[in-house]
Every structure is written in structure tokens, then in C-alpha cells.
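K.L.:
Dropping the sequence and predicted coords here.
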Amino acid sequence: MAVEELQSIIKRCQILEEQDFKEEDFGLFQLAGQRCIDEGYIDQLLEIIQNEKNKVIIKSMGWNLVGPVVRCLLWNDKEDDKRKYFLMLDLLIKGFLSAIGYPFPKMIFNHGRKKRTWDYLEFEEEEEKQLADSLASLAYLVFVQGISIDQLPMVLSPSYLLRFNMGHIEVFLQRTEESVLSKGLDLLENGLLRIEDNSLLHQYLEIKSFLTVPQSLVKVMTLCPVETLRKKGLAMLQLYINKLDAQGKYTLFRCLLNTSNHSGVEAFVIQNIKNQIDISLKRTHNNKWFTGPQLISLLDLVLFLPEGAETDLLQNSDRIMASLNLLRYLVIKDNENDNQTGLWTELGKIENNYLKPLHTGLNMSKAHYEAEIKNSQENSQEFQNSKGFCSVTVGGEEIPNMPPEMQLKVLHSALYTFDLIESVLARVEELIEIKTKSTSGENTGIK
């Protein structure tokens, strides 16, 4: 029915001159075309659009179908349908661009801002949101899918293209739909792969989207229910870090340590800091951002317990393990006499502000969990004789009802984590003692 209706409108308009098309014709064309798309008549609609006899009609009226086609393209996962939608969109865009005489590159890069047209703020905000979504979708179609990309100038630098698309990537990553998030990640990957490692200047981080995008990636990594997207988000954050220059990496690390509020993400950042220190120490000329005073300022954020000895060590275990491993690496790699990293100058502060409170916290946590295990073991028989479930309170929060055997496994697992942290902490302190004694002996020998 929808196809017949559209063909009827087309047939009537074919005998008219373009200037004779009426407003009613545009409205009927849009409604019939929209129904064809909604009801899945893709082949029939594509055939109508490709028909040379309809060229003038499509050039004048086809722009009305761009929005519906883009929406179907973004939500449709069938490759064959997507190919047809891409072809349809390509024909529609070329048609209305030729009609308005608006060069494609100018539309892409100089879209500008529309003047306020609404008396009510909520209407204006909705219009701006729709415009942002539309431009982001257009950027995805051009740069990722390659539609009409041959019409763009070839002299644009990779960093300019990334800067241009960063706002569109931000729009995609603020959404929660799987299909939309994946397009944001694909657009980011497309931009980053054009750039050489360590070449993206730190000044770009002064642009809001260059900091909000990595923060959005953290949300994808930690909150998205789709595993493939979480992994892609992690890969994109690492790729983004790789592209930044040294000061840019340093700035981003500080930002993520202050804002992520996730132990696993913080451990990831700390591992990256360790990698940059390692690269710096192997160079003839040290990188000032990952040695000396700048590094010490960064270590203040790494070797830190948010609530001192009362910090939830289990919840922060990933971060603590990563920070201890970093500290162990620094003690091994940097000699006290060289002190390239500045670690040995700050050692007393690190011991008082981090290592000692960590010791205290471990002792408190282990004592608490051991008491809970003892209590659970004493009461497990009583609960087994009743309904077979018991509850245990840990850190002020009650573990959900579960069989006593399962709760014991959870509690023993926590103790194992504390033992692991304690073993690494003991090794760090052992290495510090060995290094300081060795240096003291050398100095005595020199005297």
C-alpha cells in the first residue's frame, strides 16, 4: 500500500516542472516514503530513487527522507539492509546538495550555529540536541563508512580531523544504546589511527571534549553491560594515551586518577605511569614529566589511601596492588645516589603517609574478616538446621543471603587478597632496607 501510494505521487509529479511542485506534494512524498521505510520496502524505495526518470523529484524532495534513512541505518544490524541504506543515503545526500548548491566540505566543516528560533528554552535545547545527533551521525557516515569522503580536501591534518570529530564522538559516548556507543568508538578509532604515537600535543587537552571523551570511555569500560564494548572502550583509552605527547599523558593521568573513582581503572592508569617512567629512565635525557618533581607530584595521587588506615582495602585492592608494584619497580630501578625519580628524597613521607597506614589497615581488615569467618563457622550449623541461609556483615554492609559455605568462600577470598597485598608490601620494605643499607655502606667506605 505504501509503495503504491508513493508511486502514485511520483507519477503525478513526473509530468510537472520542478517549480510547479506544491507544498502538499512534499508532504505526501515524505509521508509515503517514511511508510515505505517503516514497513521495510527497502528494495522498492531504492528502485524509485535510482530511477533516472525520478531524478528531479528526488533532488527536490529526497532530503525529507535523509533523517528516517539515517535512523534505520544506525539501528539496523543486517549487513545487506545496511548496504542498501548506505546506497540510498548517498543518492539522497548528493541529490539535495546539488539542489541547494552547498559544497559538501563546507557543510561538514562550517555548519555553524543556528540563531535561536524558539521562545521556549526546552524547545531550543531539543533542537540543538537533534542537530548534534544529526551531525554526529553524518560524521560517522563520512569518516567511518566513507560516504562522499572523496569530496573532502586531502590537505586536512589528522589532528585537525580528530579535533573536528571529538565533539561528535562525545555526543555518541554520552548515550547508552549499544549501537550508538559502538559508532562513537569506531569514529574515535578512525581518528586516532591517523595520528602517530606521542604526537598529539598536550594543548588539545585544553579543549573540553578532549578530556570528556576519555572520561566517557571510563564509563563505557565500567558501566556498559556489553563485554565487547567494554573491551573496545579499554582499547580506545589505551590508544588515546599512546597518541598524546609526554605532557599530555601526564595531564590525562592526573585527570583520570582524580575522576574515575574505580579501582580497576586507577590500576590501569598506574600501570601506564610505570610504563612511561620505564621509557624515561632508559633514555639518555630524562623526560621531566616522569622523573623528578613532576613525578613526585603524580606519586602523591598514586601512593594514597583516601581514608587513611580505614580505607576499604578490598574495594581498592586493584589500585593498591598496582601502586605497590610501581613502588617496588622504582626502588629496584632507581639507585639512591642517582635519585632520578626523586623517590629517595620523598621516601620518609611515603613511609609515613602510605606504607604505615597500609600496614595498620591490613591488620584491622584481617582481624575483622578472621572474626567474621570464626563467627560464620560457629553459626553455620545452626543455620543449616533451620533454613540453610545466613547473613554476614562486613564493613558495615550485609552480604546478601547465601549458603554458609559460599559466604565462607567469599570471606576466605578477601583474606587471600589481604595476604597478597601484605606479601608485596613486605617485599617493598625489604628492598628499601637493602638499598638504604647498601648506599649507607658505600658512603661509609668512601669516607
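P.N.:
Now that the structure is in, tell me what you want to look at.
K.L.:
per-residue pLDDT, the residue nearest the centre of the chain?
P.N.:
In the chain, the C-alpha closest to the average C-alpha coordinate belongs to Leu217, at a distance of 1.0 Å (C-alpha atoms, centre = their mean). Note on Leu217: pLDDT of 98.
K.L.:
what comes up buried for stretch 39-50?
P.N.:
Tyr41, Ile42, Gln44, Leu45, Leu46, Ile48, Ile49 (16 or more other C-beta atoms under 10 Å). (C-beta placed from N, C-alpha, C; glycine too.)
K.L.:
And the residues you listed, which two are furthest apart?
P.N.:
Tyr41 and Ile49 (11.9 Å; C-beta to C-beta).
K.L.:
all helices of the stretch 1-150 of the chain, in order?
P.N.:
When assigned using DSSP state H, counting those that start in this stretch, the helices of the stretch 1-150 of the chain occupy the ranges 2-14, 23-38, 42-50, 55-61, 66-75, 79-100, 104-109, 121-143.
K.L.:
Which one of those lies nearest to Asp245?
P.N.:
Using C-beta to C-beta, those put helix 121-143 closest to Asp245, at 23.6 Å.
K.L.:
just the helices of the stretch 1-150 of the chain: most buried one?
P.N.:
helix 55-61 (a mean of 20; mean count of other C-beta atoms under 10 Å).
K.L.:
and it, what other elements does it pack with?
P.N.:
Here helix 55-61 touches helix 2-14, helix 23-38, helix 79-100, going by 3 or more C-beta pairs under 8 Å, 6 or more residues apart in numbering; DSSP states H and E.
K.L.:
any weak-confidence spans in the stretch 201-350 of the chain?
P.N.:
Residues of the stretch 201-350 of the chain meeting the criterion pLDDT under 70: 286.
K.L.:
With mean pLDDT as added columns, please give the helices and strands packed on helix 55-61 in JSON lines.
P.N.:
Shown next, in JSON lines, are the helices and strands packed on helix 55-61 (pLDDT from 0 to 100):
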{"stretch": "helix 2-14", "mean pLDDT": "84"}
{"stretch": "helix 23-38", "mean pLDDT": "83"}
{"stretch": "helix 79-100", "mean pLDDT": "68"}
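K.L.:
mind checking which of these is nearest Ala136?
P.N.:
Using C-beta to C-beta, the helices and strands packed on helix 55-61 put helix 79-100 closest to Ala136, at 15.0 Å.
K.L.:
just to revisit the earlier point, could the helices of the stretch 1-150 of the chain be laid out in TSV, adding distance to Ile169?
P.N.:
Compiled in TSV, these are given as follows (distance: least, C-beta to C-beta, whole Å):
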stretch	distance to Ile169
helix 2-14	36
helix 23-38	27
helix 42-50	29
helix 55-61	32
helix 66-75	15
helix 79-100	21
helix 104-109	15
helix 121-143	8
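K.L.:
gap between the longest helix seen in the chain and the chain center?
P.N.:
Across the chain, the helix with the greatest residue count (assigned by DSSP state H) is helix 404-446. Distance of helix 404-446 from the chain centroid (C-alpha atoms, centre = their mean, to the nearest Å) equals 34 Å.
K.L.:
Now do it: which elements does it pack against?
P.N.:
helix 317-333, helix 356-385, strand 390-394, strand 397-402.
K.L.:
Counting neighbours, what do you get for Leu314?
P.N.:
A count of nearby residues for Leu314, using other C-beta atoms under 10 Å, gives 18.
K.L.:
Just say helix, strand or coil for it.
P.N.:
Using DSSP: H, G, I helix; E, B strand; the rest coil, the structure places Leu314 in coil.
K.L.:
Is it in contact with Ala414, as I believe?
P.N.:
Yes. If you go by C-beta atoms under 8 Å, Leu314 and Ala414 touch, sitting 5.4 Å apart.
K.L.:
Mutual contacts of those two, please.
P.N.:
Common contacts of Leu314 and Ala414 (C-beta atoms under 8 Å, 6 or more residues apart in numbering): Ser365.
K.L.:
Let me see the backbone angles for Glu196.
P.N.:
Dihedral pair for Glu196: phi -70, psi 150, per degrees, to the nearest 10.
K.L.:
coming back round to it: would you mind giving the buried residues of stretch 39-50 as JSON lines with pLDDT and distance to Leu28 added?
P.N.:
Listed next are the buried residues of stretch 39-50 as JSON lines, based on pLDDT from 0 to 100; distance: C-beta to C-beta, whole Å:
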{"residue": "Tyr41", "pLDDT": "80", "distance to Leu28": "16"}
{"residue": "Ile42", "pLDDT": "79", "distance to Leu28": "20"}
{"residue": "Gln44", "pLDDT": "85", "distance to Leu28": "17"}
{"residue": "Leu45", "pLDDT": "81", "distance to Leu28": "15"}
{"residue": "Leu46", "pLDDT": "81", "distance to Leu28": "20"}
{"residue": "Ile48", "pLDDT": "83", "distance to Leu28": "14"}
{"residue": "Ile49", "pLDDT": "82", "distance to Leu28": "16"}
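K.L.:
Out of those, which comes closest to Asp186?
P.N.:
Scanning the buried residues of stretch 39-50 for proximity to Asp186, where the rule is C-beta to C-beta, the winner is Ile42, at 23.1 Å.
K.L.:
Can you verify my assumption that the closest one contacts Tyr85?
P.N.:
Yes. Counting by C-beta under 8 Å, Ile42 does reach Tyr85; the two are 7.2 Å apart.
K.L.:
What are the buried residues along stretch 159-168?
P.N.:
Ser159, Leu161, Leu162, Arg163, Asn165, Met166, Gly167, His168.
K.L.:
between those, which is nearest Phe210?
P.N.:
When the buried residues of stretch 159-168 are compared against Phe210 (criterion: C-beta to C-beta), the nearest one is Met166, at 6.0 Å.
K.L.:
Give me the phi and psi angles of Leu200.
P.N.:
According to degrees, to the nearest 10, Leu200 has phi -80, psi 110.
K.L.:
circling back to that earlier point, now the helices and strands packed on helix 55-61 in a markdown table, with distance to Leu141?
P.N.:
As requested, the helices and strands packed on helix 55-61 are exported to a markdown table (distance: least, C-beta to C-beta, whole Å):
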| stretch | distance to Leu141 |
| --- | --- |
| helix 2-14 | 24 |
| helix 23-38 | 16 |
| helix 79-100 | 7 |
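K.L.:
Pull the contacting residues for Ile270.
P.N.:
By C-beta under 8 Å, 6+ apart, the residues touching Ile270 are Val302, Arg319, Ala322, Ser323, Leu326.
K.L.:
let me redo that: Phe172
P.N.:
So, once contact is read as C-beta under 8 Å, 6+ apart, Phe172 ends up touching Ala136, Tyr140, Val180, Leu181, Lys183, Gly184, Leu185, Leu187.
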